[in-house]
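> structure for the following, please:
(2 chains)
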Amino acid sequence: MLLDEPLIFERGAAGRVGWPVAESPDGEQAGPALPPALRRDDGLAGFPEVSELEVVRHFVRLSQWNYSAATTLYPLGSCTMKYNPAVNETLARLAGFAALHPLVPDHLAQGALEVVAGLEAALAAASGLDAVCLQPAAGAQGELLGLLLVRAHHADRGDPRRRVLIPSSAHGTNPASAALCGYQVAEVPVDRRGLLPARAVAAAMDESVAALMVTNPNTLGLFEEEIEAVAAAVHARGGLVYMDGANFNALMGVARPGDMGVDVMQFNLHKTFSTPHGGGGPGAGPVAVRAPLAEYLPVPRLVRREAGLAWTEEAPKSVGRMRSFYGNFGVLVRAFAYIARLGAGGLSEVTRLAVLNANYVRARLRATYHLPYDTPSLHECVFSDRHLQDFGVSTLDVAKRLLDYGFYAPTIYFPLVVKGALMIEPTETETKETLDAFVEALLAIAEEARTDPAKLRQAPHRTRLARLDETRAARRPVLRWQGR
Amino acid sequence: MSGYAPHTAGDIAAMLAAIGASSIDDLFAHVPAGLRTRAAIDLPAGLTEPELRARFEALAARNANGAGPAVFLGAGAYPHWVPAAVDQLLLRSEFLTAYTPYQPEVSQGTLQATFEFQTFVALLLGLDVANASLYDGASAAAEAVLMARRVLPGRRTVWVSSALHPHYRAVIRTYVRGLADVEVREVPFAADGRTDLGALGAALGPDAIAVVLGQPNVFGVLEDAAHAAELARAAGALSITATAEPLALAMVRPPGACGVDIAVAEGQSFGLPVAYGGPGVGLFATRERYVRSMPGRVVGETVDAHGRRGFVLTLAAREQHIRRERATSNICTNQGLCALAVTIYLSLLGRQGLGALDRLEAAGVPRRFGGPFFNEFVVQAPAARWEALVREGVVAGFPLARWYPALEDALLLCVTEVHGARDIDRLVRGLAAPAARAARG
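Modelled structure (predicted):
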């Protein structure tokens, strides 16, 4: 049973204190004397007045309203919801990392700088690229940085270009990032197998194209089989190849982007490298580049000197900064711990088992659910609702009904190249038994679509709340507590 | 191998049989062989958990960890006590290991907490609406500039105070690099450490997009945000403030009450460790009339099929997965767990605790700038003395000449409730003139 819980602002009583703060030892109010015009005069009205237990109980109850990757299979395609190792949380909380101020002199931060250097080197090794910057706070910021590097490269050659090619299977962040960089987006359609043909890229290429943004494996879970020829076609006209590394979990020990002809890519440490998704962040989106692009990377850059590791701002061609300080360092510690724990062999094994799991789910569901692209796939598989439409059942209904069976839903209605897509990424940390139970649930739902479609259209039935009215939320937005 | 993958040999055989493959290698047969043969990762073998812990404990031991030198640094990252309850709640797996709440029926915990976060941010900044967070204060400032440009298309110039934290200024410049029609220009600061609003007033013209100030600014000095907002409004531009130390706003008139249009802040002070600079969390608030131009994810209130209150992600029509290249920003993941930390922290401290905390601060050394300040301030001391103090185990603030070459021998000091009286005394004695030091023994 799940208990009800009001908003924190609706709890408590005037004068109650959750976490008393000591007065200064001599009882003196040392606070700065602010002129009245600068002084806050609302007495923080609206802020709650609640006890510590009330706060704890409030958030424990809220937490119980969530499904999470620790609760159940969370098969969100393209999100890689693998197990987040417990030890990484312990390590990130060591005082030498958590209490370290970012502006201490470098000699007081050598351990942290070794983490940065070690993670940079590991990502370079895994990608076959030459230089890495850990600053971007998430994949989308990594994409933005990657395109700024592309832009700096062309501008430096007196050849500013204005277009970016993006396959129709791309994630929505790709065109949004390109637009943020001032580029026009040109879409290249994928072929009947769901793949990007080198011939189509060559036809779309000219000297106005700055870069191709390609996700590999793509959002259908398919390895771009012509990637080397695709890259050659882009390079032939002076363009660069940007790879969205969101799906890197399918590539470790299998193929290195550097060998494919990729010039710049971003990683998503919260996907491939097991850092917790946190309900939507914090993530980290490091960028790796081929050597000629390294001089444009953000400052500060880490350098190894005789006295030890040090930050330097000396990079005249740098694109600048993506954020304050050095990146989401706490996330970097966790990712580096994951890599150190697994080692080269472990990382390759991750990819092999992630692909095995996804192919197993695909094999068991393909007789029942429509598989729009019957091309060999890697770490995820994409079905559609075509076989269910005769019963008036949609992908949304299947997703909601899965919640009743105790599973989170796959990514739905994405990628856009598949109408009514159900995009499933089980990850390597799931057992065969869990996958079997998930498959059985989806098979049972397909059967329900035939026998009792209304039940699906009204799902979920077993969750604390029933289906939510998203239209109402958007039409009359209520974005904060409205007061007593 | 690692312990995280659960497959037995029997599992693998049964799964391959169901797939119709004879080996796992078969599943990669369509990847060009030339790529596969070169793909081995050049990394050492994995470690056991005890080995891993030993290695990371050794690395952590090579850093200043709070127990070693007394560190009086702020400048964008602020040490504060984090109540134990905050971290204990953050470790709830249901928060920690969930993702973006795409399925609201089983994500109400994250959604309601985010709605509460948005309420806290709007209250604190004194504005109508807030989003579900951005990456950090600096990128939030850059997103605010991009938003102002969407609100005022066709204008060209962004006026940024040179007393705004240099990282914030740098990120704004990086974010507009790709946009040929935007120019970033700086307004100088005056002798009292505040932005020279006279110069700003003279510079503002009809092509101004926005004015961006720190509040407090990088010197810890409080700006006259109301006057700056008035000047911006007179030029038809938007006003933006960026706050690196949001605790100041428990005491200082909030930006919204000063007439500011977009207020951003770094939320790290509220329940997050300094963690070598990240993760923090960007707070972002604005006026109701601009809500559809606001970047980032937003949670809204609604009802379920039975009329019960619930929360969903909303206003998605602004976002990249719907609008693609026409989206208000490319943001996808934000800083969800950090926003949760802020929400728990502000709930715990509440109205009373925040009011008390902002009175706890110290000084004792003559300041360089006369403007009013909160918990950070600038003093003069020779570089050699700063270096000597580091050797003695006191990091006496940040030498500002690294960011402002003209501010030779200026130290930016930060003192909060985590600093003990003994360490503060060491700092004050260390910074006092050598003669005084000798006299005091």
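
> can you map out the strands along chain A?
Using DSSP state E, the strands found in chain A span residues A:131-133, A:163-167, A:184-188, A:209-215, A:240-245, A:264-267, A:287-289, A:301-305, A:308-312, A:381-383, A:411-412, A:422-424.

> is it true that residue B:303 touches residue B:311?
No - the criterion here is C-beta atoms under 8 Å, and residue B:303 misses it with residue B:311 at 10.2 Å. In this view, the C-beta of every residue, glycine as well, is placed from N, C-alpha and C.

> show me how far the longest helix along chain A is from its chain's centre.
Across chain A, the longest stretch assigned as helix under DSSP state H is helix A:329-365. Here helix A:329-365 is found 15 Å from its chain centre; the criterion is C-alpha atoms, centre = their mean, to the nearest Å.

> elements contacting that helix?
Counting contacts by 3 or more C-beta pairs under 8 Å, 6 or more residues apart in numbering or on different chains; DSSP states H and E, helix A:329-365 is packed against helix A:86-92, helix A:95-98, helix A:110-127, strand A:381-383, strand A:422-424, helix A:432-451, helix B:9-19, helix B:49-60.

> rerun at 7 Å
helix A:86-92, helix A:110-127, strand A:381-383, helix A:432-451, helix B:9-19, helix B:49-60 (3 or more C-beta pairs under 7 Å, 6 or more residues apart in numbering or on different chains; DSSP states H and E).

> for residue A:399, find the nearest of these.
helix A:432-451 (9.6 Å; C-beta to C-beta).

> I'd like the mean pLDDT over that closest one, please.
For helix A:432-451, the mean pLDDT works out to 98.

> tell me the angle of that helix relative to helix B:9-19?
Angular relation of helix A:432-451 and helix B:9-19 on a 0 to 180 degree scale: 30 degrees, by axes from the mean of the first three to the mean of the last three C-alpha atoms, to 10 degrees.

> how distant is the lowest-mean-pLDDT helix or strand in chain A from the center of its chain?
Within chain A, confidence by mean pLDDT, DSSP states H and E is lowest for helix A:173-180 among all helices and strands, at a mean of 90. Relative to the chain's own centre, helix A:173-180 is displaced by 15 Å; criterion: C-alpha atoms, centre = their mean.

> and what of stretch A:255-271?
For stretch A:255-271, the distance to the chain centre is 15 Å (C-alpha atoms, centre = their mean).

> ok, back up a step: okay, residue B:303 and residue B:311: which has more neighbours?
Ranked by neighbour count (other C-beta atoms under 10 Å in any protein chain shown), residue B:303 and residue B:311 place residue B:311 first, with 26 against 15.

> tell me what that one is bridged to.
residue B:301 (DSSP bridges).

> quick check: buried residues in the least confident helix or strand of chain A?
A:173, A:174, A:175, A:176, A:177, A:178, A:179, A:180 (16 or more other C-beta atoms under 10 Å in any protein chain shown).

> kindly report the same for stretch A:153-162.
For stretch A:153-162, burial by neighbour count (16+ other C-beta under 10 Å) applies to A:153, A:154, A:155, A:161.

> establish whether it and chain B are in contact.
No - counting by C-beta under 7 Å from any C-beta of the partner chain, no contacts exist between stretch A:153-162 and chain B, the nearest distance being 9.0 Å.

> ok now that stretch, how far from the chain's centre?
With C-alpha atoms, centre = their mean, you get 30 Å for stretch A:153-162.

> what does it rub up against?
A:183, A:184, A:208, A:209, A:210, A:240, A:293, A:296, A:317 (C-beta atoms under 7 Å, 6 or more residues apart in numbering or on different chains).

> for stretch A:385-395, same thing?
A:369-370, A:398, A:412-413, A:420-422, A:446, A:449-450, A:453, A:456-457.

> try it again at 6 Å.
Here stretch A:385-395 makes contact (C-beta atoms under 6 Å, 6 or more residues apart in numbering or on different chains) with A:370, A:412, A:420, A:422, A:449, A:450, A:453, A:456.

> try stretch A:268-285
Stretch A:268-285 is contacted from outside by A:80, A:82, A:84, A:136, A:138-139, A:141-142, A:246, A:248-249, A:266, A:328, A:331, A:334-335, A:338, B:95-100, B:110, B:279, B:333-338, using C-beta under 6 Å, 6+ apart.

> go through the residues you listed and flag which are in helices.
The helices, defined by DSSP H, take in A:139, A:141-142, A:331, A:334-335, A:338, B:95-96, B:110, B:336-338 from the contacts of stretch A:268-285.

> show me which of these are buried.
By 16+ other C-beta under 10 Å, the ones in helices among the contacts of stretch A:268-285 give A:139, A:141-142, A:331, A:334-335, A:338, B:95-96, B:110, B:336-338 as buried.

> would you map the helices across the stretch 101-250 of chain B?
Using DSSP state H, counting those that start in this stretch, the helices of the stretch 101-250 of chain B run over B:108-125, B:137-151, B:166-175, B:197-203, B:225-234.

> residue A:103: which of these is closest?
The nearest among these, by C-beta to C-beta, is helix B:166-175 at 10.6 Å.

> show me the contact partners of the closest one.
Under C-beta under 6 Å, 6+ apart, the answer for helix B:166-175 is A:319-321, A:324, B:138-139, B:141-142, B:145, B:160, B:184, B:242, B:403.

> got the CA positions of it in CSV?
Extracted C-alpha coordinates of helix B:166-175, given in CSV (Å, rounded to 0.1, in the frame of the first residue of the first chain):
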residue,chain,number,x,y,z
PRO,B,166,34.5,34.9,-14.9
HIS,B,167,33.3,31.3,-15.4
TYR,B,168,29.8,32.6,-15.9
ARG,B,169,31.0,35.2,-18.4
ALA,B,170,33.1,32.6,-20.2
VAL,B,171,30.2,30.1,-20.5
ILE,B,172,27.9,32.9,-21.9
ARG,B,173,30.5,33.6,-24.5
THR,B,174,30.9,30.0,-25.4
TYR,B,175,27.1,29.5,-25.7
